[in-house]
Structure formats: structure tokens, C-alpha cells
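# generate coordinates for the sequence data below:
(one chain, ligands or ions: 2)
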Amino acid sequence: MIEVTGNMHMHTYYSDGEGSHDEIADAAIEAGLDFIIVTDHNVWVEGMEGYYENKNGRILRLIGEEVHDIHRQPQANHFLAYGVNRSLADFAADPQQLIDQTNAAGGYGFLAHPHDSALPIINEVDLGWHDWDIDRFAGLEIWNYMSNLKAGLVDIWAWLPIRNAYLAKLYALPFADKPERQISTPRPETLAVWDALLAQGKRISAIGGSDAHAATVKIRPFFKRVLYPYAFLFRSINTHLNLPHSFTGDVEHDKMMVLDGMGNGRAWVGYDMPHSTAGFRFTGEGRAQVSMGEEIQLDGSVTLRVQTPANANIRIVRHGEEVASVKNSTELTHIAHKEGAYRVECTIKHAGKERGWIYSNPIYLR
Ligand SMILES: [Zn+2]
Ligand SMILES: [Zn+2]
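Numbering: from 1, shown residues only. Ligands and ions are numbered 1, 2, ... in the order given. Modelled structure (predicted):
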């Protein structure tokens, strides 16, 4: 097994981002990523997939799509389609059809920022997932940097004594300019939905992403700056994949490995800013040895082992219930005797408090 790190939610000027595909790839190389998947709104941009190189390195750039129904009122239900190779925007009005079309094309569909907060200061509504009568999607984007930041700023907006939009922006700027103080953990509601689906015996994979737009924030007449540049966000919430072997340089082959890894949950979501999450391990050992996204026969018991690349508070969770935990350690072992989906959560101290760090995909004990 080898590990690659990528970011799989971002926007260029083909939708509401401000950078080009090449600027994004340059930023991703600068941040040390191995791959990116660009997900513009309601457009699948052709001719952009492949290896991109500059003098500092090389990156695998893939193209997905963030689909949503532009006629829906209120706006909601953002859907990330990966590995489809064409736009699914025509199916946006019917979420189940969107999922089925993704699967039929051999792709993987994820619900983007399933729980979100409205942020009136920038006229943003709650863009969470609202139509839950769906099935057969590959997974959930359990942690979205920009959505998490938005939620942090909502609290600041709540104390605001005045409701004047210009003054509110002035007031919020120092908070918005220190984003790492607002980033906390994935939304508990999203983790609860995930655990409930896992408890029903479903396989639901988790990814995380930046949702980078690199928008220029303007407060006239004195402030004009990109608050969250691509390279900054690509050092934040990433998805790390376990692959059977290193990238070969063959685009189609390497693309299939990435899609297969993320679609089947051979991955963890890492907030790499406090400390890189590279090197994290979660394995299950019984008759065989397995890792995240894989199944193992229970056969009496399975030994679950967690290793982290820095001291953290570590928990193993089964269907929403903690089954083992340790504080300030790099290791945790638990002997499991029950069937089910076991996943790991780690928190770490950063920017003055305990924050989310690593969220693994499950190992399935059957
Ligand atoms: Zn979105
Ligand atoms: Zn987005």
C-alpha cells in the first residue's frame, strides 16, 4: 500500500472560482498534493485531465462536477460527481436520477457539505442536502473547509449589534482573516447521518475537501485581497488515499486508482494544517489483515489498530458509539467482538483549542 494526498472540491472561473485550471495545479504542487479533482458548478470542463507539470513538480489533475438545480428554491442539494466524464447538469432537478446516472457512468457520487449554515452577511443560504429520500450514493463529503468556516462566522454574526451589511463586513473581517480559529470539526449532524447509514449495513464512504474559490474580498475603499488562496486551502482539509501502488504516469490507469480508492473509502479525511496527517494507519486483523474501506469476517474477534503521525486524542466509533479511546497518544488498539462499521476520529490541539484532525473511513466487520 502506498499513500497519496489530494483535494477533490474546488472551483475555477468556469463557475464561481477566480483561478484557472493551471493556477490551481500550480497551487496544488506548491502545497505538496499528489492529485486534484476540479469540480466546477454544472459544467464538466473538457481537455483538462492529465498530468500537469511545472518546475517544482507534477500533479494528476482530474475533472469532476458539482451539480445543483439552479431552479430549486431555496438553493440546496449540491452533488459531487466524480468519474462521469460529462456534465450531469440536465439531471440536477431529480437527486435520485443524478445518483443513478453517476453510477451508470461508472462514477461515484457524493453529497457535498450535507449540513451547512446560512450566512446572511454574504447573502448565502443554507446549501446543505435537503432531500434525503435517496439511495445508492457512494458517500458524504463529511468535512468541507469553506462550509465549516461559514458556520464559524455565523456565531460571530449572531453577536453582531448592528445589521448594516457594510459595517458587518468590517466587523467580521478580523475573524474571517483568521480562518484557522473558526475551523472546528466535521458537523456532528453529518457524522450522525453517516453513522445511522452505516448502522443500517450500508457502505458509505467519506471524503473531505477545501471548496476553494480564491475569491477576492473587497471592502471599499481600503480592502481588496484574496482571503483564502488555493495554496492555503490545499494545506487544510484533504483526502488521503491508500493505493495498491504508486502512480504510473498513465493518466487513465492512475485516474481509475484514485476513483476506486475514494469511491470505496480506502481513505481518510485529514486537516493537514495543525500537523500533516500523512502516515495515519487504521487496520483490522483477524484471519486476514484489512484497512479502511475493506471488509473482514468477524470470526470471533478482530483486532483494530490505529497509529497517528503525532500525539492526538483518538476514538474508535461504531455506529455513533465510542468503543475505545485514548488521550494524547499515537496508538490505540481495540479487540472488536461485534459486527459493524468501525471508524476513527482524532482531535489535536491547534490555534488555542482541540480541533478535528483525522476522520477515517470505516473497516467493515461482517
Ligand atoms: Zn457547494
Ligand atoms: Zn463547491
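# quick one: low-confidence parts of this protein?
Along the chain, no part satisfies pLDDT under 70.
# please redo it, this time with the cut-off set to 90
1, 119-124, 152-172, 175, 219-222, 287 (pLDDT under 90).
# check which helix or strand covers residue 98.
According to DSSP states H and E, residue 98 maps onto helix 95-104.
# which strands and helices sit next to that helix?
Judged by 3 or more Cβ pairs under 8 Å, 6 or more residues apart in numbering; DSSP states H and E, the packing partners of helix 95-104 are strand 79-82, strand 108-111. (Each C-beta comes from the backbone N, C-alpha and C, glycine too.)
# so what strands line up beside the first one?
Within its sheet, strand 79-82 is paired with strand 57-67 (antiparallel), strand 108-111 (antiparallel), according to DSSP bridges.
# deepest of those strands, which one?
Ranked by mean neighbour count under mean count of other Cβ atoms under 10 Å, the strands paired with strand 79-82 are led by strand 108-111, which reaches a mean of 26.
# so after it, what's the next helix or strand?
Taking DSSP H and E, what comes next after strand 108-111 is strand 139-144.
# residue 10 versus the residue of the stretch 1-150 of the chain found nearest ligand 2, what's the distance?
The minimum distance from the stretch 1-150 of the chain to ligand 2, using Cβ to the ion, falls at residue 66 (4.8 Å). With distances taken as Cβ to Cβ, to the nearest Å, residue 66 is found 9 Å from residue 10.
# residue 1 too?
26 Å.
# what does residue 201 give?
With Cβ to Cβ as the criterion, residue 201 and residue 10 are 33 Å apart.
# give me the more crowded residue out of these two.
residue 10 (28 against 11; other Cβ atoms under 10 Å).
# show me what contacts that one?
17, 24, 36-39, 209-213, 230, 233 (Cβ atoms under 8 Å, 6 or more residues apart in numbering).
# mind listing what's buried in stretch 35-43?
For stretch 35-43, the buried set under the neighbour-count rule, 16 or more other Cβ atoms under 10 Å, comprises 35, 36, 37, 38, 39, 40, 41, 42, 43.
# the last one touches residue 92, doesn't it?
No - counting by Cβ atoms under 8 Å, residue 92 is not a contact partner of residue 43; they are 11.8 Å apart.
# neighbouring strands of the helix or strand encompassing residue 225 in the sheet, and parallel or not?
Per DSSP H and E: residue 225 is located in strand 223-226. Neighbouring strands of strand 223-226 in its sheet, by DSSP bridges, are strand 216-219 (antiparallel).
# check what contacts the partner strand and list those residues.
With Cβ under 8 Å, 6+ apart, strand 216-219 has contacts from 18, 166, 169, 170, 173, 176, 223, 224, 225, 226, 227.
# ditto for stretch 296-308
With Cβ under 8 Å, 6+ apart, stretch 296-308 has contacts from 277, 279-288, 290, 314, 316, 324, 329-339, 342, 344, 346, 358, 363-366.
# from the residues you listed, list just the buried residues.
277, 280-284, 286, 290, 314, 316, 324, 330, 332, 334, 336, 342, 344, 346, 358, 363-365.
# what sits against the residue in the chain that ligand 2 sits nearest to?
Of all residues in the chain, the one sitting closest to ligand 2 is residue 211 (4.4 Å; Cβ to the ion). For residue 211, the contact set (Cβ under 8 Å, 6+ apart) comprises 9, 10, 11, 112, 113, 144, 145, 146, 147, 233.
# over to the nearest residue to it once chain neighbours are set aside: give its phi and psi.
Closest residue to residue 211 apart from its sequence neighbours, by Cβ to Cβ, 6 or more residues apart in numbering: residue 146 at 4.0 Å. When read as degrees, to the nearest 10, the backbone of residue 146 gives phi -70, psi -30.
# hang on, residue 146 packs against residue 214?
No - checked against Cβ under 8 Å, the pair residue 146 and residue 214 is beyond contact range at 10.8 Å.
# overlap in contacts of these two?
residue 228.
# domain assignment for the protein?
The domain map for the chain lists 2-273, 278-366, with the assignment taken from automatic domain parsing.
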